[in-house]
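>>> pasting a predicted model and its sequence here:
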Number of protein chains: 2
Amino acid sequence: HTAKTVVSNFAQQGKKIVAIGRNYSAHIRELSNEAPEEPMFFLKPTTSYLQSGGNVEIPQGVTAHYEVELGVVIGKTGRDIPQDEAEYHIAGYALAVDMTARNMQDVVKRKGHPWSAVKGFDTFTPISAFIPKVAVSDPNRLTLTLKVNGVTQQEDSTAHMMFKIPRMIEHISSIMTLEEGDLVLTGTPPGVGPLVPGDKVECTLTDRDRRELAALSFGAVQRQGGYKFAP
Amino acid sequence: HTAKTVVSNFAQQGKKIVAIGRNYSAHIRELSNEAPEEPMFFLKPTTSYLQSGGNVEIPQGVTAHYEVELGVVIGKTGRDIPQDEAEYHIAGYALAVDMTARNMQDVVKRKGHPWSAVKGFDTFTPISAFIPKVAVSDPNRLTLTLKVNGVTQQEDSTAHMMFKIPRMIEHISSIMTLEEGDLVLTGTPPGVGPLVPGDKVECTLTDRDRRELAALSFGAVQRQGGYKFAP
Ligand SMILES: [Mg+2]
Ligand SMILES: [Mg+2]
Ligand SMILES: [Mg+2]
């Protein structure tokens, strides 16, 4: 069955990652940003996926921040998807971290440059296994947690998302077609911060019954070679 | 032969488009931008490809500019590709137009927001057929032309690219792995401007012997439905 294969292997076969920014008001405040009037998104390349158990590689000169997020895996290609049909385009979910080169981002935001490099380094999207939709009773009542070296840094409910998933899918698909295997990242709650080489990260996604739907763990190492950020 | 299939069908099978901005000094001047110290790039989704003969759909409220560009089709996956090995990662070329929602871009540049929507609308990357590398003796000595309704608006030599193709491949692959079937857009020469519904666009890529390597033509129509830009 083709559809099942593509979505359960979305990290290998999907073509794009569309990430929503500024979707939890407490996170907007911690970065002193302004709340958007409509969902704000950027693209990450699928070459940034990192399977659980791997290492995020921190480029030289980069302050790399973690952002734990709920991911939505698209199961059916669509364009101009109305909110009340969004459900039919969702195949499932995943637990993800949207790694961000924060000091580079500060520069590109000031200069009005694109965000693609800042968000797109190899290993900058740690990702869990696919969670079939049937396992999730309500995506707006999930708890995201992220621990660094055993200490909880992010813990919040997806109930605090400002734009809900159907609105995100409506907005993105009014601009670019969403395809089977694409991933939509839904924004991060507060508590973001830097990783340094040697750090160990553990994330969980749990439901209202405290059932663990996904776990994701990874280390952080210094990137050997590659781009060096020297502002 | 798998490699041949992926690259000759890069628009269907490739996963990403990496587009270089501000690579011809005369174009930088016409938009009053500053020249970058290193190649500046952004991602476009592959859902934005438009085959020759189709119509660019201009979203409501959007001023959509054409930018004719030489595309480089990646034939071999690589990371941290040195300039002197870049050649081995190139499978061929294509003639492309990087459509841009210019009035939206002015806003996101001012706010420091991502460029992904501005560059990523469906139909915003008109693309020619694949040109095998063997047909191109020197990618730095090609002429790009773009006509709107029979009138030449862009005509320049790729000799005027500030960052050359091996430098672009080195830079991009130091940040994100380039994969077989990916497309690198190399920037646009001066002469960019708006399209309006009813316009007919014709582009050519020719070599020093005035041999036509590729042609690309498309129309412009008003997008029905979809996103409306209302700043
Ligand atoms: Mg994020
Ligand atoms: Mg992509
Ligand atoms: Mg361009």
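Yes, it's here. Ligands and ions are numbered 1, 2, ... in the order given.

>>> shaky segments in chain A?
Under the criterion pLDDT under 70, the flagged ranges of chain A are A:1-4.

>>> show me what contacts whatever residue of it ends up closest to ligand 3?
Nearest to ligand 3 in chain A, going by C-beta to the ion, is residue A:114, at a distance of 11.1 Å. C-beta here means a position set from N, CA and C on the backbone, and glycine is covered the same way. Applying C-beta atoms under 8 Å, 6 or more residues apart in numbering or on different chains to residue A:114 gives the contacts A:108, B:21, B:40-43, B:114-116.

>>> likewise for residue A:166?
Contacts of residue A:166 by C-beta under 8 Å, 6+ apart are A:83-84, A:86-87.

>>> tally of neighbours for the residue of chain A found nearest ligand 2?
At 3.8 Å from ligand 2, residue A:16 is the closest residue in chain A, using C-beta to the ion. Counted with other C-beta atoms under 10 Å in any protein chain shown, residues neighbouring residue A:16 total 28.

>>> tell me how far the closest residue to residue A:29 other than its chain neighbours lies from residue B:113.
In space, and not counting its chain neighbours, residue A:29 is closest to residue A:190: 7.6 Å by C-beta to C-beta, 6 or more residues apart in numbering or on different chains. Separation of residue A:190 from residue B:113 (C-beta to C-beta, to the nearest Å): 20 Å.

>>> name the element residue A:23 belongs to?
Using DSSP states H and E, residue A:23 is not contained in any helix or strand.

>>> cool, and residue A:109?
Secondary structure assignment for residue A:109, by DSSP H and E: helix A:102-111.

>>> give me the phi and psi angles of residue A:90.
When read as degrees, to the nearest 10, the backbone of residue A:90 gives phi -100, psi 120.

>>> and if you look at residue A:131?
According to degrees, to the nearest 10, residue A:131 has phi -110, psi 110.

>>> report the secondary structure state of the residue of chain A closest to ligand 3.
Three-state call for residue A:114 (DSSP: H, G, I helix; E, B strand; the rest coil): coil.

>>> next: the one 3 residues further on.
Using three-state DSSP, the secondary structure recorded for residue A:117 is helix.

>>> so what's it closest to, chain neighbours aside?
Residue A:117's closest residue in space is residue B:175 (C-beta to C-beta, 6+ apart), at 5.1 Å.

>>> got it, and residue A:70?
residue A:186 (4.8 Å).

>>> quick one: residues contacting the nearest residue to residue A:58 once chain neighbours are set aside.
Closest residue to residue A:58 apart from its sequence neighbours, by C-beta to C-beta, 6+ apart: residue A:64 at 4.6 Å. Contact partners of residue A:64, counting by C-beta under 8 Å, 6+ apart, are A:56, A:58, A:99-102, A:124, A:194-195, A:220.

>>> ok, residue A:205 next?
Here residue A:205 is in contact with A:70, A:93, A:95, A:128, A:131, A:142-144, A:212-215 (C-beta under 8 Å, 6+ apart).

>>> residues from chain A in reach of chain B?
Within chain A, the positions adjacent to chain B are A:15-16, A:18, A:21, A:40-48, A:59, A:79-80, A:108-117, A:120-122, A:171, A:174-179, A:225-227 by C-beta under 8 Å from any C-beta of the partner chain.

>>> filter those residues down to the buried ones.
Using 16 or more other C-beta atoms under 10 Å in any protein chain shown as the burial test, the residues of chain A next to chain B include A:15-16, A:18, A:21, A:40-48, A:59, A:80, A:108-109, A:112-117, A:120-122, A:171, A:174-179, A:226-227 as buried.
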